[in-house]
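Trainee: Here's a sequence, model it:
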Amino acid sequence: MEFLTQYNLLGLAIGVSTFLIIGLFHPLVIKGEYYFGVKCWWAFLLIGIAAVAASIMVADLFWSILLAVWGASSFWSIGELFEQRKRVEKGWFPKNPKRQ
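Mentor: Model prediction:
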């Protein structure tokens, strides 16, 4: 942390980490809808609540921010999960033939 603060890289590290977290959630939503449908929305909700609660309890600013971003991305993914279902119905993404 001292290195990031000393060389004014904390903002850059947070930005890159945020980009990676958001990028991670994109395939999670696609795979979640493919294998489980929209019924896995509660998992995103629980992960989001846990991450936001942890961000409140963590004293270090860097980790607190990243946990909050993780939580917000989890909450956003709930809506994206239902949007993904619509994209599958339109034929933009493949439908899982094994799932009814």
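Trainee: where in this protein is pLDDT low?
Mentor: Scanning the chain for pLDDT under 70 picks out the ranges 100.
Trainee: Pick out the residue closest to the middle of it.
Mentor: In the chain, the centroid-proximal residue (CA atoms, centre = their mean) is S73; its distance is 3.6 Å.
Trainee: Report the separation between the closest residue to L10 other than its chain neighbours and I65.
Mentor: Leaving out its chain neighbours, the residue that sits closest to L10 by CB to CB, 6 or more residues apart in numbering is L4, at 4.5 Å. Glycine gets a C-beta too; all of them are placed from N, C-alpha and C. Distance, L4 to I65, using CB to CB, to the nearest Å: 12 Å.
Trainee: which of the two has more neighbours?
Mentor: Neighbours per residue (other CB atoms under 10 Å) separate L4 from I65, with I65 holding more: 17 against 14.
Trainee: what about the helices in the protein?
Mentor: Using DSSP state H, the helices assigned to the chain run over residues 2-6, 10-36, 41-57, 61-89.
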